[in-house]
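> could you work out the structure for the sequence below:
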Amino acid sequence: MHMSLRERIPEQLRLSDEVAVIPTEEEVAVFPTSEYILLEISHKIGKVNVVKIANTIRNLVKNDQRMVAIRGYGFKGIGLSVRIAHELKKREKRFLYQMTFDTFDAAEPGSNQVFTSVQIVVMPPKE
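Numbers count the residues shown, from 1 in each chain. Have a look, this model is predicted:
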């Protein structure tokens, strides 16, 4: 039986209607788990090396066969998440990345300001 991309997303990465909490400590945070790697990009981010991040994700997905979720919070986070996904696709000639793209709402702890945010899940290629 063939699973859809959405069915392959681990339970912890499935978005609900609840407002997610934005981690406030770092501009870019990486959370590895046994099933996937979560990369979170803050709405307060400064300059980052998109190519370097894209290359790191490419190695995780392609070489290590890991699923990577990129979560971008707010305008800056969304823009960088989409640029990273675009860079991944642009640089790869041998296979097509499979990605899901979802929006969700997020807020900082104790804040009423809600930021539209995005989650892009990059799946390892099926052999």
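
> for the lengthiest helix in the chain, buried residues please.
For the chain, the helix with the greatest residue count under DSSP state H is helix 74-91. Applying a neighbour-count criterion of 16 or more other Cβ atoms under 10 Å, the buried positions in helix 74-91 are 74, 76-78, 80-81, 83-85, 87-88. Every C-beta, even on glycine, is put in place using the N, C-alpha and C of the backbone.

> how far off centre is the next helix-or-strand element following that helix?
Next in sequence after helix 74-91, counting helices and strands by DSSP states H and E, comes strand 98-107. The chain centroid and the centroid of strand 98-107 are separated by 8 Å under Cα atoms, centre = their mean, to the nearest Å.

> average model confidence for the helix or strand following strand 98-107?
Of the helices and strands lying after strand 98-107 in sequence (DSSP H and E), the nearest is strand 114-123. Across strand 114-123, pLDDT averages out at 93.

> what is strand 114-123 packed up against?
Judged by 3 or more Cβ pairs under 8 Å, 6 or more residues apart in numbering; DSSP states H and E, strand 114-123 is in contact with helix 5-8, strand 67-73, helix 74-91, strand 98-107.

> now mean pLDDT too, for these, in CSV please.
Formatted as CSV, the helices and strands packed on strand 114-123 follow (pLDDT from 0 to 100):
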stretch, mean pLDDT
helix 5-8, 84
strand 67-73, 92
helix 74-91, 89
strand 98-107, 92
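
> what is the burial count for the residue nearest to residue 8 when sequence neighbours are not counted?
Among residues not flanking residue 8 along the chain, residue 123 sits closest, at 6.2 Å (Cβ to Cβ, 6 or more residues apart in numbering). Residues contacting residue 123 under the criterion other Cβ atoms under 10 Å number 18.

> return the residues in contact with the residue at minimal distance from the centre of the chain.
In the chain, the centroid-proximal residue (Cα atoms, centre = their mean) is residue 70; its distance is 0.9 Å. The contact partners of residue 70, taken as Cβ atoms under 8 Å, 6 or more residues apart in numbering, are 39, 41, 57, 81, 84-85, 118-122.

> now, which of these sits nearest residue 27?
residue 41 (7.3 Å; Cβ to Cβ).

> wait, what's in contact with the closest one?
If you count contacts by Cβ under 8 Å, 6+ apart, residue 41 has them with 27-28, 48, 70-73, 76-77, 80-81.
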